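**Q** What shape does this take:
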Amino acid sequence: MIITLPWLKDHLKTKAKEKEIIDKLTNIGLEVESVKENSEELSEFKIAKIMKTEKHPNADKLKVCDVSVGGKEILKVVCGASNARDGLITIYAPPGAVIPKTKFQLKVAKIRGIESRGMLCSESELNLKDKSDGIIELSVKEQEIGKSYFKSKSEKAIDIAITPNRPDCLGIRGIARDLSSTGIGKLISLKRNKFKQTSRHLIKTSITKDKHQGCLTFGSCYIKNIMNKESPEWLKNKLHSLGLKPISAVVDITNYVMFDLNRPLHAYDADKIDREIIVRDAKEGEEFEALDNKKYKLKKGMCVIADKSSVLGLGGIIGGTKTSTEFETKNILLESAYFLPSSIRKTSRELAINTDAKYRFERGIDPNSVLEGLEVATELILKICGGRASKFIITGKNSQKNRIIKFEIDNFENLIGIPISINEAQKILISLGFICKKGKKDLKVKIPSWRPDIYQDVDLIEELIRIKGFKNIKLISPEKKREKETLNFKQKLFHLSQRSLASKGFLESVTWSFTDSKIDGQFSKGEKEIEILNPISSDLDVLRRSIFSNLAIHLKKNQDRGYEDVSLFEIGPVFFGKNPGEQQIVAGALKSGKIGRKSWIEKERNLDVFDIKSDVFKTLIELGVSEHDLFISDKTKQCYHPGRSGSINLKSEKGPHLAYFGEVHPAIIKKLDFKEPNIYGLEIFLKNIPEPNKKIRQIKKSFQPSDFQKSQRDFAFVIDKIFKIGLLERIIKQIDDSLIQEVTTFDVYEGENIPKDKKSVAINVTLQSTNKTLTEKDLDQISKKIITVVREKTGATIRS
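**A** Sure, this is the predicted structure:
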């Protein structure tokens with residue numbers, strides 16, 4: 001919304017300076033975005049006098065003018081205007097100036113052999129009018145010659161960002177009202193001069209009772225025998241200051257009232273209306289030519305203003321060419337109506353039309369301003385154009401009842417933190433146009449019809465603190481003591497997982513929760529596909545069922561770009577249904593390539609399953625799961641290599657499922673055409689990570705080295721072939737935690753001297769006490785205990 005200070009002062013009596021007003025606007029929530037001189041780009045255009053004109057020697061329609069722009073220098077300018085004559089005062093554009101209409105930069109040029117230094121301008125060339133005959137003729141004093149024409153008429157344009165909830169401030173009077181409530185000035189009462197309404201209203205108006213009727217009120221006035229002409233200078237200057245082109249007195253008056261009072265109006269050439277005005281729903285496929293010279297095909301339900309034969313305008317949005325007013329127009333029908341914001345918004349969006357009227361109606365103008373708009377505009381038309389006006393005809397709902405809110409004054413302090421007296425609150429609200437009835441501790445507040453954003457007492461509190469001043473709210477330092485943790489366990493787990501995987505050399509990838517169905521199907525065979533009805537792209541057509549789907553896409557992209565050793569991870573949702581809650585957060589990682597590639601420190605080798613197993617083990621331990629509680633099995637998903645993968649559960653095979661790890665299935669690698677086929681992955685299901693009773697850092701015990709010698713014993717157990725070695729190690733470790741420091745499998749043998757359904761497992765056990773050096777007797781006792789417990793729990797025997 002652009003305003004100028006002189007126009008603002010038509011409504012606000014104030015001695016405040018420009019900066020004070022601008023600061024006050026921002027303080028009350030009307031943010032000033034920019035302040036600029038309207039004439040900044042036009043300062044080079046000067047008032048000039050034609051001293052002498054001569055016929056161009058080489059062209060019949062051109063004249064060579066001697067032009068004075070002040071001082072002694074006389075400039076030669078070639079001009080084709082028929083009204084160029086001796087003594088005419090006009091506007092001169094020097095070389096280098098840019099003509100507003102054509103955006104053409106002037107240069108010194110020869111026109112039919114005569115050098116022309118600049119140009120004499122018409123109103124249309126300066127965007128002051130759409131059409132003009134000849135150059136501008138000014139009636140100014142000789143002393144003005146040489147001065148910038150626009151500088152002398154300049155007003156600063158203040159651009160204010162109006163939020164959608166404040167349609168009342170889309171008129172200059174609304175802004176003046178807000179400013180007056182701050183005490184910066186006094187709101188000037190609107191004066192109405194009575195005028196005679198002696199003519200008959202010759203056009204019948206009606207509103208149909210359609211299901212989705214978008215017009216509640218249609219007011220009109222028939223004005224006959226007018227003389228539509230150019231607007232007076234004061235009105236032209238008002239519109240110029242907002243960057244608008246004057247068109248004709250009638251159109252300019254309707255625009256003036258819209259920007260002044262936030263009351264959109266429309267004028268029809270009454271002689272072009274077929275018998276009557278009908279406000280109705282459009283018919284499907286009905287066509288209409290608007291004032292922007294475009295033809296629109298209308299849809300059923302759009303609100304139109306029509307006569308007996310055709311559509312004349314889109315209600316509240318734009319008029320039509322059929323009944324547009326011209327300078328020859330003698331009789332007009334002036335419209336002031338109220339249209340529903342929802343109807344305006346829907347129609348303008350479907351037809352892609354944006355106008356100043358639409359901008360106001362869709363936000364909700366004052367429904368009770370229909371009559372006021374007619375009064376102001378009719379008075380101005382009669383004053384400027386003459387004519388005789390009819391009585392006003394209001395069709396439909398005549399006025400809207402104002403809401404009443406009971407406002408408890410103590411609620412202000414409860415919410416804002418500072419007190420306000422009932423008298424101060426009443427004074428502020430009355431200055432904003434509210435009607436207040438005071439009680440002991442409350443106000444009954446009648447909301448003005450121009451404030452559709454006020455519904456409850458908190459809205460009134462906002463108005464009060466806005467005017468009282470946000471600077472009056474006392475600053476309170478936040479309490480340093482936190483009663484609750486900032487993050488809950490699941491949130492902490494998410495961030496801890498990020499840090500843990502990153503510490504192992506993985507780079508984080510952040511992707512969509514939807515993916516390519518072809519790739520997702522490779523990692524989620526046997527699971528139901530979850531399609532997206534309206535995907536943003538054909539290769540993002542399903543919700544991902546595996547965290548690997550998008551990681552695989554980006555791993556392949558990196559390989560295709562020449563990166564051989566790639567490690568990526570992502571933490572995000574995977575879906576197993578489309579209903580709420582049918583998803584879980586998974587930390588997933590993929591890595592490919594080699595260990596120690598071209599390294600002098602270690603021997604180069606391919607990644608293997610034990611590398612990814614180490615990563616998943618360490619990550620789970622860092623997330624607070626005890627190493628002793630990690631139960632490994634070989635039951636994995638189809639997307640893993642069946643012999644080089646594993647599954648981890650909590651405590652037992654039937655415990656909560658914590659993770660998968662292993663080599664990606666060779667069939668998938670071949671199908672997706674990876675350049676580096678050596679690819680391993682891990683998946684950790686964060687929802688199954690148990691929440692510890694203590695903080696993770698408190699659970700982890702500090703390392704306390706023993707001062708006593710450690711001993712090692714080797715055992716070779718003959719055990720069932722299907723028995724898991726990890727479970728055997730766990731059984732041994734749990735026999736005596738205080739003495740058994742480490743259990744390691746160093747050999748597995750099947751073959752000669754071993755039954756076919758058995759295997760020999762060689763295990764090294766490290767024994768060490770923190771209290772003493774273990775004697776041979778101590779070592780024998782613990783060794784016998786290990787053999788006994790293993791035999792009892794597994795049926796294994798010592799290999800002889």
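**Q** For residue 357, see how far away the nearest residue to residue 377 once chain neighbours are set aside is.
**A** The shortest distance from residue 377 to any non-neighbouring residue, by C-beta to C-beta, 6 or more residues apart in numbering, is to residue 257 (5.0 Å). Using the backbone N, CA and C atoms, a C-beta is placed for each residue, glycine as well. Counting by C-beta to C-beta, to the nearest Å, the gap between residue 257 and residue 357 amounts to 11 Å.
**Q** so the residue nearest to residue 377 touches residue 267, yeah?
**A** No - between residue 257 and residue 267 there is no contact, the gap being 10.9 Å when judged by C-beta atoms under 8 Å.
**Q** Test for you: state the pLDDT assigned to residue 696.
**A** We have a pLDDT of 59 for residue 696.
**Q** now the helices: where do they sit in the stretch 251-400 of the chain?
**A** Under the criterion DSSP state H, counting those that start in this stretch, the stretch 251-400 of the chain contains helices at 341-351, 356-361, 370-385.
**Q** if we compare the ones you listed, which one ends up closest to residue 393?
**A** When the helices of the stretch 251-400 of the chain are compared by C-beta to C-beta, helix 370-385 sits nearest residue 393, at 9.5 Å.
**Q** Now that closest one: buried residues?
**A** Using 16 or more other C-beta atoms under 10 Å as the test for burial, helix 370-385 gives 370, 372-382, 384-385.
**Q** How is this protein divided into domains?
**A** According to automatic domain parsing, the chain is divided into the following domains: 2-38+155-187, 40-152, 204-396, 404-472, 489-697, 703-798.
**Q** Could you list the low-pLDDT ranges of this protein?
**A** With pLDDT under 70 as the threshold, the chain has low-confidence stretches at 38-41, 143, 151-155, 482, 694-701.
**Q** Please repeat the previous calculation with a cut-off of 80.
**A** Applying pLDDT under 80 to the chain flags the ranges 37-43, 127-131, 140-144, 149-155, 211, 398-400, 477-485, 526, 692-704, 800.
**Q** of all the helices of the stretch 251-400 of the chain, which lies closest to residue 632?
**A** Proximity to residue 632 (C-beta to C-beta) singles out helix 341-351 among those, at 59.3 Å.
**Q** so where does residue 587 fall, helix or strand?
**A** Under the assignment given by DSSP states H and E, the secondary-structure element containing residue 587 is strand 583-592.
**Q** can you check residue 77 too?
**A** strand 74-79.
**Q** Show me which positions of that strand end up buried.
**A** Buried residues in strand 74-79, defined by neighbour count with 16+ other C-beta under 10 Å: 75, 77, 78, 79.
**Q** Now distance to residue 567 too, for those, in JSON lines please.
**A** Listed next are the buried residues of strand 74-79 as JSON lines, based on distance: C-beta to C-beta, whole Å:
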{"residue": "75", "distance to residue 567": "76"}
{"residue": "77", "distance to residue 567": "75"}
{"residue": "78", "distance to residue 567": "76"}
{"residue": "79", "distance to residue 567": "77"}
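**Q** chain center to stretch 475-492: distance?
**A** Relative to its chain's centre, stretch 475-492 lies at 29 Å (C-alpha atoms, centre = their mean, to the nearest Å).
**Q** What residues of it count as buried?
**A** Within stretch 475-492, the residues that qualify as buried are 489, 492, counting by 16+ other C-beta under 10 Å.
**Q** Send me that stretch as CSV with only the CA atoms.
**A** Backbone C-alpha positions of stretch 475-492 (Å, rounded to 0.1, in the frame of the first residue of the first chain) are rendered in CSV as follows:
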residue,chain,number,x,y,z
LEU,A,475,12.3,-7.6,29.6
ILE,A,476,12.5,-10.7,31.7
SER,A,477,15.7,-12.8,31.7
PRO,A,478,15.0,-16.4,31.0
GLU,A,479,15.4,-18.8,33.9
LYS,A,480,18.7,-20.6,33.7
LYS,A,481,17.5,-23.7,35.6
ARG,A,482,15.9,-26.2,33.3
GLU,A,483,13.2,-28.4,35.0
LYS,A,484,12.8,-30.6,31.9
GLU,A,485,15.3,-32.0,29.4
THR,A,486,15.3,-30.0,26.1
LEU,A,487,15.3,-33.2,24.1
ASN,A,488,13.5,-36.5,24.9
PHE,A,489,15.3,-39.9,24.6
LYS,A,490,14.2,-40.5,21.0
GLN,A,491,15.4,-37.1,19.9
LYS,A,492,18.7,-37.6,21.7
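**Q** which residues sit against it?
**A** Contacts of stretch 475-492 from elsewhere in the structure, counted by C-beta atoms under 8 Å, 6 or more residues apart in numbering, are 417, 495, 585, 686, 687, 691.
**Q** try stretch 512-531
**A** Contact partners of stretch 512-531, identified using C-beta under 8 Å, 6+ apart, comprise 532, 535, 539-546, 548-550, 552-553, 572-573, 575-578, 638-639, 668, 671-672.
**Q** next one: stretch 792-800
**A** Stretch 792-800 has contacts (C-beta under 8 Å, 6+ apart) with 715-720, 723, 728, 731, 760-761, 787, 790-791.
**Q** redo that, cut-off 7 Å
**A** 715-720, 723, 728, 731, 760, 787, 790-791 (C-beta atoms under 7 Å, 6 or more residues apart in numbering).
**Q** re the thing from before, strands paired with the strand holding residue 587, and their directions?
**A** In the sheet, strand 583-592 lines up against strand 566-575 (antiparallel), strand 679-685 (antiparallel) (DSSP bridges).
**Q** just so I know, which of the ones you listed lies nearest residue 650?
**A** Closest approach to residue 650 among the strands paired with strand 583-592 is made by strand 679-685 (10.5 Å; C-beta to C-beta).
**Q** tell me, which helix in the protein spans the most residues?
**A** Secondary structure of the chain per DSSP state H: the longest helix is helix 776-794.
**Q** after it, next one along is what?
**A** Towards the C-terminus, the helix or strand next in line after helix 776-794, according to DSSP H and E, is strand 797-798.
**Q** Sounds good, over and out.
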